[in-house]
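Q: model the following, please.
(2 chains)
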Amino acid sequence: MGNWDRGTVLIWGACALLVLGLGGRWLLAQGGDAGSGGRSSSGNASTSPRSAGSPGSVSAGAGEEQAPTVIVVHVVGAVRHPGVFRLRAGVRVYEAVRAAGGSTRGADESAVDLAAKALDGSQILIPLKGQPSTPAASGGSGAGASGGPVSLSSAKAEDLDALDGIGPALAARIIEWRQAHGGFKSVGDLDQVSGIGPAKLAALRSHVVP
Amino acid sequence: MAVWLCFCLLFVTGPDPGVSNAHYTQKAAHGDSGAAGSGLITQVRTRAEDALDPGLPPDAAALLQGMALGDASHMSSRAKEDFRRASLTHVVAASGQNIALLLALVLPALGLLGMGLRARLVTAVGLVALYVPLAGGEAPIRRAAVMALVGLAGRVRGSQADAWHALGVAGTVTLLADRASSASLGWQLSFAAVAGMLALGPPLKNRLEPLRIPPVLAEAGAATISATIATAPLIAWKVGRLSLVGIPANLLAAPAVAPAMWLGITAAALGQISTSLAAPLAMLAAIPVSSVLEVAHAMASPSWASVGWHPSGSLVATMLILTVFGPLAIGRGRKAA
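A: From the prediction side, this is the model:
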C-alpha cells in the first residue's frame, strides 16, 4: 500500500476498464439479443422454414413467417416465482423455469422435457412429485404432432386437430363436450363425444391423456 | 520431507477400493437429495443460490453461482463449452482459488473490525470449514482447505509455513481421508496447478518485475501463467484437447475473477439474512461475471482455440516433472553460481 505512483494507478485503472468494457460488451449482447438473436437465427434458418411449412402454422397467419425475437411463456406449478415471462426466442424450457426462479424442492422435473424449445404463447407446468402432470401444454402450432400425449383437459382445438383421425370439426366438438361437462375425467369419456366410436377411441388412447 | 515420503507412498499405492466405495455410496446418498450434505447445508446453499440470482441473464447468474459456490451445473452447455475451449473451467470449480480469495477477503475485513491476528486466523479457519461443504466438498477444495489450514496454523504459531510443505500435508491428508482422490482429475489438476505456481511463479514474477508492473499484478499474472502451463498437459491427457488460448484467456479474465468471487461470496453470505439485501451486490457482480463470460466467448470462438492432442502418460509425467523441478534446479544453479 502507500506508494500509489502514477504508473500503478494507471495499470489498476486499465484493469478496471478492461473488466467494465468486457462485461458491458457481454451484457449489451444479452440485452440486445433482439439484434444478435436475429443474426444467429438466420444461421438456424433451416429450422424455421420447416415449421412455417407445417400444417399447424396455417392458422398463425401469413405475417408470422419471421420468427419472433421475444417469446412469452407462462411458467406455473412447482417453481419459485410462477408467472408470465418474456424471454429471448429460442430459449429452452429449463431456461424458462430458471426465469421463474427455478423449480422448488418437490418439483418433478423429469415430468417435463427441460431440453425442449420453449414455444411462444405456451404454458410450462412443472408438477410436484406424485402429482399427475398435465403434459407441458407446449401449445402453439402443430406441437401436438411432435410432442407427447395431448391433454384433453387443457389442449386447444389446434392441438386436437393435429392428432390423427381428428379434424377441426371433431376437435371443436371435443372442446364443446369439455366445457359442457367440466372436463374429462378419463380418456374413456371421449366416446360420449359424438363422432368418436370405440374404434377411434382405441386409436386415440395412446395419444391423449385426460 | 517425511510428509512427502508419506504422500508418495499413499499416491503410489493408489486408491483403496474399500475406502473409495464407502465414499461413493455416501456421496450418492447425499447427492440424490439435491445438494451435498445435511439439511442445514442444503438450506444455506439454497438461500445462497437465490441470493445470487436477482434476475441476471441466465448465463451470468449461473456463472456467478459457479464462481461463488463451485457449482457449474446451472451453466448452459454452450457456456461450458466456451470455458472448456478457453481453458477457464477452473473458474467455476470449487478450488484453491476460492479459498485463497475467501481468505484474502475475510482476513483484512476482520482486521478492520478490530480483531487481533489470532482471533482473525481462528475465525478464518471456521469460515473455511463452513465454506468447504457449502462448495460441494469435492477433492480439489478439500486439498485447498487443508493447505490453507496448514498455512493459517503456521501463522497462529507465528512461523511462516513453507508452501511446499503445506502442499505435501494437503496431499497426504486428502489421500488419507479418501484414497480415491488421486484418481479424480480435479484433485490432480488442483495439485498440479499449485505445484506449478510454486515452482514457476517466482522466476516468472522476477521476469515481470523490470516491466514496472505492480507487485500484486505481477504475482497474479505469474500465478495464472504458471498454473495454466502446469495443468495443460494433464488436461490434454484426460480430455485429449489442448487449449491454445489458455494463457491470454486466463490473463484477461483474471482481473474480473477476484471481484466477481468476492461480490458473489458476500452476496451469498448476506443472502442468508435477506435476498433483497444481497441483490445489489449480486447485480454489481454481474459486471465482472459478464466480463469473464465475454472473455470465454471471444477466446473460444476461433476454430484453432482448442486443438486435439493425445500425449502419452509418460510424456505428461515428464512435462510435469520438468515444470516443477526445472525452475527449482535452475534457481539452485543460479544461487550456487
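Q: so what touches the strand or helix carrying residue B:307?
A: If you go by DSSP states H and E, residue B:307 is part of strand B:306-308. Outside strand B:306-308, the residues that touch it by Cβ atoms under 8 Å, 6 or more residues apart in numbering or on different chains are B:84, B:85, B:240, B:241, B:242, B:243, B:244, B:245, B:300. Placement of C-beta: from N, CA and C, glycine included.
Q: the nearest residue to residue B:48 once chain neighbours are set aside: neighbour count?
A: In this structure, residue B:48 finds its nearest non-sequential neighbour in residue B:268, 3.7 Å apart by Cβ to Cβ, 6 or more residues apart in numbering or on different chains. Close neighbours of residue B:268, defined as other Cβ atoms under 10 Å in any protein chain shown, add up to 26.
Q: what kind of secondary structure is residue B:268 in?
A: What DSSP: H, G, I helix; E, B strand; the rest coil gives for residue B:268 is helix.
Q: that one and residue B:278 touch, don't they?
A: Yes - assessed by Cβ atoms under 8 Å, residue B:268 is found in contact with residue B:278 at 7.2 Å.
Q: hey, what's in contact with both of those two?
A: B:51, B:52.
Q: what ranges does chain A have for its helices?
A: A:6-31, A:33-43, A:47-53, A:93-99, A:143-146, A:157-161, A:168-181, A:198-204 (DSSP state H).
Q: just to revisit the earlier point, residues of the following helix or strand past the strand holding residue B:307 that come out buried?
A: Next helix or strand after strand B:306-308 toward the C-terminus (DSSP H and E): helix B:313-336. By neighbour count with 16 or more other Cβ atoms under 10 Å in any protein chain shown, helix B:313-336 contains the buried residues B:316, B:319, B:320, B:323, B:324, B:327.
Q: so residue A:90 touches residue A:117, yeah?
A: Yes - contact criterion Cβ under 8 Å: residue A:90 and residue A:117 qualify, at 6.6 Å.
Q: quick one: strands adjacent to the longest strand along chain A?
A: Longest strand of chain A, by residue count under DSSP state E: strand A:70-77. Paired strands of strand A:70-77, with direction, are strand A:83-88 (antiparallel), strand A:122-126 (parallel) (DSSP bridges).
Q: CA atoms of that strand as CSV?
A: Taking C-alpha atoms only, strand A:70-77 is exported to CSV below (Å, rounded to 0.1, in the frame of the first residue of the first chain):
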residue,chain,number,x,y,z
VAL,A,70,-39.0,-12.4,-28.0
ILE,A,71,-41.4,-15.1,-26.8
VAL,A,72,-43.9,-15.0,-23.9
VAL,A,73,-44.4,-18.1,-21.8
HIS,A,74,-46.4,-18.9,-18.7
VAL,A,75,-44.5,-20.9,-16.2
VAL,A,76,-46.6,-22.4,-13.5
GLY,A,77,-46.5,-25.2,-10.9
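Q: state the distance from the spatially most central residue of chain B to residue B:138.
A: Centroid-nearest residue in chain B: residue B:95, 2.6 Å away (criterion: Cα atoms, centre = their mean). To residue B:138, residue B:95 is 9 Å away according to Cβ to Cβ, to the nearest Å.
Q: okay, and the common contacts of those two?
A: The contact lists of residue B:95 and residue B:138 share B:70, B:186, where a contact means Cβ under 8 Å, 6+ apart.
Q: coming back round to it: save the strands paired with strand A:70-77 as a markdown table, and put in mean neighbour count too.
A: Formatted as a markdown table, the strands paired with strand A:70-77 follow (neighbours: other Cβ atoms under 10 Å in any protein chain shown):
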| stretch | mean neighbour count |
| --- | --- |
| strand A:83-88 | 15 |
| strand A:122-126 | 23 |
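Q: what about residue B:114, how many residues nearby?
A: Residue B:114 has 8 nearby residues by other Cβ under 10 Å.
Q: ok, it to residue B:120 distance?
A: For residue B:114 relative to residue B:120 (Cβ to Cβ), the value is 10 Å.
Q: show me the contacts for the residue nearest to residue B:48.
A: Contacts of residue B:268 (Cβ under 8 Å, 6+ apart): B:48, B:51, B:52, B:68, B:69, B:278.
Q: in what element of secondary structure is the last one found?
A: Put plainly, it is residue B:278. helix B:275-300.
Q: and what of the fourth one?
A: When secondary structure is defined using DSSP H and E, the element that contains residue B:68 is helix B:58-69.
Q: what residues does chain A have near chain B?
A: Taking Cβ under 8 Å from any Cβ of the partner chain as the contact definition, chain A meets chain B at A:7-8, A:11-12, A:15-16, A:18-27, A:29-30, A:80, A:95, A:98-99, A:101-102, A:105.
Q: picking up where we left off before, do the helix holding residue B:278 and chain A meet at all?
A: Yes - against chain A, helix B:275-300 shows contacts by Cβ under 8 Å from any Cβ at B:286, B:287, B:288, B:289, B:290, B:291, B:293, B:294, B:295, B:297.
Q: can you state the direction angle for that helix and helix A:6-31?
A: 90 degrees (axes from the mean of the first three to the mean of the last three Cα atoms, to 10 degrees).
Q: who's in contact with the residue most central in space within chain A?
A: Residue closest to the average C-alpha location in chain A (Cα atoms, centre = their mean): residue A:118, at 2.7 Å. Contact analysis of residue A:118 by Cβ under 8 Å, 6+ apart lists A:71, A:73, A:87, A:91, A:92, A:93, A:95, A:96, A:124.
Q: looking at these, which one is closest to chain B?
A: residue A:95 (5.3 Å; Cβ to the nearest Cβ).
Q: that closest one - nearest residue in space that isn't next to it in sequence?
A: Looking at residue A:95 with Cβ to Cβ, 6+ apart, the closest residue is residue B:58, at 5.3 Å.
Q: got the contact list for stretch A:96-107?
A: A:73, A:75, A:77-83, A:85, A:87, A:109, A:112, A:114, A:118, A:124, A:126-129, B:34, B:49-50, B:53, B:58, B:61, B:74.
Q: out of those, which end up buried?
A: A:73, A:75, A:77-80, A:82, A:85, A:87, A:112, A:114, A:118, A:124, A:126-128, B:49-50, B:53, B:58, B:61, B:74.
Q: which positions in the stretch 201-337 of chain B make contact with chain A?
A: So the stretch 201-337 of chain B meets chain A at B:212-214, B:217, B:252, B:255-256, B:259, B:286-291, B:293-295, B:297 (Cβ under 8 Å from any Cβ).
Q: hang on, residue A:205 packs against residue A:187?
A: Yes - using Cβ under 8 Å, residue A:205 is in contact with residue A:187, at 5.8 Å.
Q: comparing the two, which residue is more hemmed in?
A: residue A:187 (17 against 13).
Q: how about the helices in the stretch 101-250 of chain B?
A: For the stretch 101-250 of chain B, applying DSSP state H, counting those that start in this stretch gives helices covering B:117-134, B:139-157, B:163-177, B:185-208, B:215-239, B:246-270.
Q: where does chain B dip in pLDDT?
A: Along chain B, segments meeting pLDDT under 70 span B:1-38, B:158-161, B:331-337.
Q: for chain A, same thing?
A: A:1-4, A:32-68, A:131-148.
Q: domains of it?
A: As assigned by automatic domain parsing, chain A contains the domains A:65-138, A:140-210.
Q: just give the nearest non-adjacent residue to residue 163, would you?
A: Went with chain A since none was named. Using Cβ to Cβ, 6+ apart, the closest residue to residue A:163 is residue A:207 (5.5 Å).
Q: wrong one, chain B
A: Residue B:163 sits nearest to residue B:198 (Cβ to Cβ, 6+ apart), 5.4 Å away.
Q: one more: residue B:59?
A: residue B:79 (5.1 Å).
Q: residue B:190 too?
A: residue B:140 (3.6 Å).
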